[in-house]
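1. sharing a model prediction with you, sequence too.
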Amino acid sequence: MKKLLLALVFLSSVLGAKSLEQIYLDNGLEAVRDAIENNLQSKKHWQEILKGKELKYGYYPAPTFITVVDKTSKKLELLHYENDKLESRFSKKNIITGLMGDKLKEGDLKTPVGAYHITRHFKPSDQYYGPAAFSLSYPDLYDSLRKRDGGGIWIHGLPFDGDRIDAEKTRGCVAFDNDELVKYENIIGDKGGVVLINEEGIKEATNEQIAAIFAELFAWKHAWSVSDIKKYLAFYDKDFIRFDGQRYKAFAEMKTSIFNKKESKFINFSKFRIIPYPSVEKGSFFKVIFHEKYLTSSYKFEGEKTLFVRLDGDKMKILVEQ
């Protein structure tokens, strides 16, 4: 309740001369809701909220470990994100990564480029991988729908028997000295986190980009809520693919049929994670994860929603939705 009151006070201060209380007195509760909805669709509003926050590696609702890998400079850095601040906790130069280029298929020996999650921390059964390993979530949905395959991408150590390994021998994994790996392990443990793997230099997000995505998410939500099919579909790229493989044309026809029913909807978004998604392609890409509540008279959903989006200026284009 305290957070809600603070949010309302903040909204009152940025909505202009009229406070929420005055809007309520003049026009009722519906007008207050509309004023807040309009504000949430404003990039300027979100820029004010995000001012001073360190968001170059993403926006997270809870403390998060972020591992940043640069395949060109052969550097790994572990940072901790908490209370909108980033703290560097570990760094290692001269790491070993797979071959350059985006990973396309099993056996191409390339380290994938993208934003992944640590799925498991374990002790390898084979001495070749050193004292510890961390498996990554490659291929993710975005990879799979673009026909990227393969797997078994880890962060791990070096062989205990002293054998040298090079880019080809990592088979796409990220590896470095065992003593340093133990230091990394002692910090991150089983806490997991995000791993950003870059090809040529670190691609960082800006607060302006994160603000634009927040505003676009709420504009997309509003179009969805009021069944404005034209505005809703404008958020989707023409090369859009849904999690089940459905392409844009079939998706648009399905949504048009649903929106034509003009059902009353309740839609709520919360617990946002907005993660810059490194890519070898030109453009600014992001992985957006949030909790969604969706309710109509005929359908109910509550759970995690994931979007892979491209930001064109201030406009969000949805590439993949799950």
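-> Arrived safely. The model shown is predicted, which means the values in this text are computed figures rather than measured ones.
2. quick check: which ranges of this structure have low pLDDT?
-> 1-18, 23-29, 31-32 (pLDDT under 70).
3. now do the helices in it.
-> Under the criterion DSSP state H, helices of the chain are mapped to 2-14, 20-27, 29-40, 43-50, 141-145, 167-170, 178-188, 207-225, 229-233, 248-259.
4. can you redo those helices as TSV with distance to H121 and mean neighbour count?
-> C-beta here means a position set from N, CA and C on the backbone, and glycine is covered the same way. TSV is the format used below for the helices of the chain (distance: least, Cβ to Cβ, whole Å; neighbours: other Cβ atoms under 10 Å):
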stretch	distance to H121	mean neighbour count
helix 2-14	33	11
helix 20-27	47	14
helix 29-40	38	15
helix 43-50	32	16
helix 141-145	22	19
helix 167-170	19	16
helix 178-188	7	17
helix 207-225	29	20
helix 229-233	41	16
helix 248-259	38	14
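5. so for H291, which of the ones you listed sits nearest?
-> helix 207-225 (12.5 Å; Cβ to Cβ).
6. of all the helices of the chain, which lies closest to H80?
-> When the helices of the chain are compared for distance to H80 using Cβ to Cβ, the nearest one is helix 178-188, at 8.3 Å.
7. who are the packing partners of that closest one?
-> Under the contact criterion of 3 or more Cβ pairs under 8 Å, 6 or more residues apart in numbering; DSSP states H and E, helix 178-188 touches strand 64-70, strand 75-82, strand 85-93, strand 114-122, strand 154-156.
8. who touches it?
-> With Cβ atoms under 8 Å, 6 or more residues apart in numbering as the test, helix 178-188 has contacts from 65, 67, 76, 78, 89-90, 92, 118, 121, 130-132, 134, 155-158, 160.
9. buried subset of those?
-> When these are checked for burial by 16 or more other Cβ atoms under 10 Å, the buried set is 65, 67, 76, 78, 89-90, 92, 118, 121, 130-132, 134, 155-158.
10. got JSON lines for the helices of the chain, with distance to K105 too?
-> As requested, the helices of the chain are exported to JSON lines (distance: least, Cβ to Cβ, whole Å):
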{"stretch": "helix 2-14", "distance to K105": "47"}
{"stretch": "helix 20-27", "distance to K105": "55"}
{"stretch": "helix 29-40", "distance to K105": "42"}
{"stretch": "helix 43-50", "distance to K105": "39"}
{"stretch": "helix 141-145", "distance to K105": "11"}
{"stretch": "helix 167-170", "distance to K105": "15"}
{"stretch": "helix 178-188", "distance to K105": "28"}
{"stretch": "helix 207-225", "distance to K105": "31"}
{"stretch": "helix 229-233", "distance to K105": "33"}
{"stretch": "helix 248-259", "distance to K105": "25"}
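11. the stretch 201-322 of the chain: strands as residue ranges?
-> Using DSSP state E, counting those that start in this stretch, the strands of the stretch 201-322 of the chain run over 236-242, 266-276, 284-295, 300-312, 315-321.
12. out of these, nearest to L20?
-> Set against L20 and scored by Cβ to Cβ, the strands of the stretch 201-322 of the chain come closest in strand 266-276, at 19.2 Å.
13. how far off strand 284-295 does that closest one point, in degrees?
-> For strand 266-276 against strand 284-295, the angle by axes from the mean of the first three to the mean of the last three Cα atoms, to 10 degrees is 160 degrees.
14. who are the packing partners of strand 266-276?
-> Using 3+ Cβ pairs under 8 Å, 6+ apart, the elements in contact with strand 266-276 are strand 194-198, helix 207-225, strand 284-295.
15. Y142: which of those is closest?
-> Proximity to Y142, assessed across these by Cβ to Cβ, is greatest for strand 284-295 (7.5 Å).
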